[in-house]
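1. take a look and give me a structure for this.
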Amino acid sequence: MSIRIVADDKIPFLRGVLEPFADVVYVPGKSIGREHLEKADALLTRTRTRCNEDLLKGTSVKFVGTATIGYDHIDTAWCEANGIVWKNAPGCNAQSVNQYIASTLVRLSDVYGFALKDKVLGVVGVGNVGSKVVHTAEMLGMQVYLCDPPRVRNEGVCGFIGLDGILRECDIITFHVPLNRAGEDKTLHMLNAGLLQKVNKGAIIINTSRGEVADGDALKKSLQNGRLSAVVLDVWENEPAIDTDLMNLCFQATPHIAGYAVDGKAKGTAMVVQELSRYFNLGMDEWETDDLPEPLQPVIEIDCKGVTSEQILKKAILATYDAGEDDRRLRNNPSEFEKQRGDYPSRREFKAFTLNLVNGDDRLKRTCRKLGFKVL
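-> Prediction:
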């Protein structure tokens with residue numbers, strides 16, 4: 001007898017994969033209810049399904065998997081106490097978020113007229129995503145400071161500074177932390193009025209972690225009084241009913257899509273399918289999709305003669321992805337936040353692109369390879 005699975009209908013590349021082994025029912029994530037799960041063995045989700053006692057109690061669900069890095073939509077303590085195994089997909093879209101940050105840094109540099117090599121970047125949360133952002137920023141010539149209290153406790157202080165140091169020393173601060181609602185590493189409203197009073201006047205804040213990490217009212221006041229020169233938000237309190245006044249004040253506002261490159265989505269699906277397979281012994285422990293769409297322009301040609309390395313790297317990054325396009329879509333129709341996520345256009349990570357660097361030297365080519373590009 002095959003197992004019974006309920007799956008969010010927006011999990012990409014999943015349809016047809018599990019059907020040889022299971023009875024699969026696809027339901028919109030926000031609509032999944034207990035009536036769907038009474039006889040289900042497994043639930044596969046993204047972020048829009050609250051997997052808690054209200055949903056799961058009295059059902060036959062034994063396994064909950066989310067094809068996302070974040071898992072604050074899962075009541076992990078309740079699941080564990082009630083014998084339900086849960087799994088997420090750590091790091092699945094880290095390169096996608098890294099690409100978003102790279103594109104954002106390029107846009108900030110171009111609009112505000114500064115060279116990235118002249119700016120100090122603070123990275124708060126140096127895990128799967130943050131570590132890749134650190135690497136990319138260094139490749140772009142930026143000085144980078146790292147803040148990660150849990151890693152400091154586990155590894156020692158070498159290479160890390162405290163949050164106050166980040167606020168004091170950095171021109172741009174980007175947050176890559178989980179949403180912790182309590183405890184020593186609480187991040188709920190980490191970005192609050194008190195913290196923002198300590199930030200360098202004119203600093204730039206980027207948040208692609210979770211909306212509740214930032215107090216939206218405090219951000220608005222800090223933008224209005226000039227404490228901050230710019231804010232970039234991909235995540236929001238009360239999604240999808242976002243604060244449009246805050247959106248209008250932001251330099252860049254996007255609908256929670258930083259991690260939405262096709263590569264990251266495919267990896268998230270693969271990771272949750274593999275975990276499901278291990279739990280139910282389906283024989284798909286190494287499954288991955290090989291059906292990713294090619295970029296519209298897979299080869300990017302750049303003439304490097306008379307152009308600085310930073311300008312070349314910026315051009316290459318924007319050729320793969322311009323976050324300004326997502327910003328414009330959201331501003332034009334903020335009420336379509338969820339629709340824009342569900343209908344997000346195909347985007348590929350750096351590794352899907354080949355650079356033809358005409359008149360480029362070997363050092364530049366090595367840098368581009370370290371960023372993840374293929375280079376002719």
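2. what about the strands in the stretch 51-200 of the chain?
-> Under the criterion DSSP state E, counting those that start in this stretch, the stretch 51-200 of the chain carries strands at the ranges 63-66, 85-87, 120-124, 143-147, 172-175.
3. now render the ones you listed as JSON lines, adding distance to Arg50, mean neighbour count and mean pLDDT.
-> To be clear about C-beta, it is placed using only N, CA and C from the backbone, and glycine gets the same treatment. Converted to JSON lines, those look like this (distance: least, C-beta to C-beta, whole Å; neighbours: other C-beta atoms under 10 Å; pLDDT from 0 to 100):
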{"stretch": "strand 63-66", "distance to Arg50": "11", "mean neighbour count": "26", "mean pLDDT": "98"}
{"stretch": "strand 85-87", "distance to Arg50": "13", "mean neighbour count": "18", "mean pLDDT": "98"}
{"stretch": "strand 120-124", "distance to Arg50": "27", "mean neighbour count": "25", "mean pLDDT": "98"}
{"stretch": "strand 143-147", "distance to Arg50": "30", "mean neighbour count": "19", "mean pLDDT": "97"}
{"stretch": "strand 172-175", "distance to Arg50": "23", "mean neighbour count": "25", "mean pLDDT": "98"}
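4. now those strands as JSON lines including distance to Val262?
-> Output for the strands of the stretch 51-200 of the chain, formatted as JSON lines (distance: least, C-beta to C-beta, whole Å):
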{"stretch": "strand 63-66", "distance to Val262": "18"}
{"stretch": "strand 85-87", "distance to Val262": "22"}
{"stretch": "strand 120-124", "distance to Val262": "25"}
{"stretch": "strand 143-147", "distance to Val262": "28"}
{"stretch": "strand 172-175", "distance to Val262": "23"}
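5. out of these, nearest to Ile206?
-> strand 172-175 (4.1 Å; C-beta to C-beta).
6. on contacts alone, who are the packing partners of the closest one?
-> In this structure, strand 172-175 makes packing contacts with helix 94-112, strand 120-124, strand 203-207, judged by 3 or more C-beta pairs under 8 Å, 6 or more residues apart in numbering; DSSP states H and E.
7. show me the contact partners of that strand.
-> Contacts with strand 172-175, where a contact means C-beta atoms under 8 Å, 6 or more residues apart in numbering, come from 101, 105, 108, 119-125, 130, 133, 166-167, 190-191, 199, 203-209, 213-214.
8. buried ones among those residues?
-> The neighbour count (16 or more other C-beta atoms under 10 Å) marks 101, 105, 108, 119-125, 130, 133, 166-167, 190-191, 199, 203-209, 213-214 as buried among the contacts of strand 172-175.
9. would you confirm that Val27 contacts Lys10?
-> No - the criterion here is C-beta atoms under 8 Å, and Val27 misses it with Lys10 at 10.1 Å.
10. okay, those two: which has more neighbours?
-> Between Val27 and Lys10, Lys10 has the larger neighbour count (other C-beta atoms under 10 Å), namely 20 against 16.
11. give the contact list for that one.
-> Under the criterion of C-beta under 8 Å, 6+ apart, the contact partners of Lys10 comprise Pro28, Gly29, Arg46, Gly342.
12. ok, now how distant is it from Leu249?
-> Computed as C-beta to C-beta, to the nearest Å, the Lys10 to Leu249 distance reads 30 Å.
13. among the helices and strands packed on strand 172-175, which comes closest to Glu310?
-> The stretch from the helices and strands packed on strand 172-175 with the least distance to Glu310 (C-beta to C-beta) is helix 94-112; that distance is 8.3 Å.
14. neighbours of the nearest residue in space to Lys339 that is not next to it in sequence, just the number please.
-> By the measure of C-beta to C-beta, 6 or more residues apart in numbering, the closest residue to Lys339 outside its immediate chain neighbours is Asn333, 8.0 Å from it. Close neighbours of Asn333, defined as other C-beta under 10 Å, add up to 12.
15. out of the helices and strands packed on strand 172-175, which is closest to Ile161?
-> Once those are compared by C-beta to C-beta, strand 120-124 is nearest, at 8.5 Å.
16. got a list of contacts for that closest one?
-> Here strand 120-124 makes contact (C-beta under 8 Å, 6+ apart) with 105, 130, 133-134, 137, 142-148, 163, 166-167, 169-177, 190.
17. now swap in stretch 321-330 and tell me
-> Under the contact criterion C-beta under 8 Å, 6+ apart, stretch 321-330 has outside partners 99-100, 103-104, 107, 247, 252-255, 257, 261, 337, 340, 347.
18. among the strands of the stretch 51-200 of the chain, which is nearest Leu37?
-> strand 63-66 (9.9 Å).
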